[in-house]
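In: Please work out how this folds:
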Amino acid sequence: MHYYIKNMVCDRCILIVGQCFEQLGHPPLGISLGEVETAFPLSPQRLAELENRLTGLGFELIDDTKTRLVEKIKNVIIGFIHHHDTPVKVNHSTYIESHLHKDYAYLSSLFSETEGITIEKYIIHQKIERVKELLTYHELSLSQIADQLGYASVAYLSGQFKKITGLTPTQFKQQRPPRTPLDRVGS
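Out: Numbering: from 1, shown residues only. Prediction:
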């Protein structure tokens, strides 16, 4: 049985959601961002308990097909941007389309209709959050960050960063304003 969960954005989320299922006596057979597979369905009572636990932790069970697909789009984007340490040289639309096996035009239209923001803008916001993370931890130079995230130049990255945050990357490093939680990026 597959359960779809909104707001799973990192490995820690996977751990927490997995623990919720285990505490209910239904250890996951498989778990990834936004999706949990169990050996058998939860009873209505256990499902209600799961829903309460997840809601208390900032997650949400998804039962609508379109909402599930939008959440999968988000998870593919987050994985693409936040969980690759090496540059991925592929077009975002091709990457999303290949992972979800659906036409990109349909996915883009559904995403915009549901989220009120285009996939492209969502990707930009996610990239900026990744830049903030990398700048905060001093892991890479701005040139390396630009290369890793697929920017054509440091100048383009800096311009986009300033447009979104109101700060240059250098100003951000000096001020270190709080980062936006990944499940709230682009909202």
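In: where does the residue most central in space within the chain sit relative to residue 123, distance-wise?
Out: Centroid-nearest residue in the chain, with C-alpha atoms, centre = their mean: residue 78, separated by 3.3 Å. Here the criterion is C-beta to C-beta, to the nearest Å. By it, residue 78 lies 10 Å from residue 123. For every residue, glycine as well, the C-beta is placed using N, CA and C.
In: Output the below-cut-off pLDDT ranges for the chain.
Out: Low-confidence segments of the chain, defined by pLDDT under 70, span residues 85-88, 177-187.
In: quick one, strands of it?
Out: 2-6, 30-32, 35-37, 60-62 (DSSP state E).
In: Take these and write them to a markdown table, including mean neighbour count.
Out: What follows is those, written out as a markdown table (neighbours: other C-beta atoms under 10 Å):
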| stretch | mean neighbour count |
| --- | --- |
| strand 2-6 | 19 |
| strand 30-32 | 14 |
| strand 35-37 | 19 |
| strand 60-62 | 17 |
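In: returning to what we had before: let me know whether the residue nearest to the centre of the chain touches residue 32 as I believe.
Out: No: counting by C-beta atoms under 8 Å, residue 78 stays clear of residue 32, with 11.4 Å between them.
In: Give me the contact list for stretch 83-97.
Out: Residues outside stretch 83-97 that contact it (C-beta atoms under 8 Å, 6 or more residues apart in numbering) are 73, 76-77, 80, 103-104, 107-108, 119-120, 123, 147-150.
In: Swap in 10 Å and give it another go.
Out: 10-11, 33, 72-73, 76-77, 79-81, 98, 102-108, 111, 119-120, 123, 127, 130, 139-140, 144, 146-150 (C-beta atoms under 10 Å, 6 or more residues apart in numbering).
In: try stretch 134-146
Out: So stretch 134-146 is contacted by 85, 87, 127, 130-131, 133, 147-149, 151-158, 161, 168-170, 172-173, 176, 179 (C-beta under 10 Å, 6+ apart).
In: That concludes my questions; thank you for your assistance.
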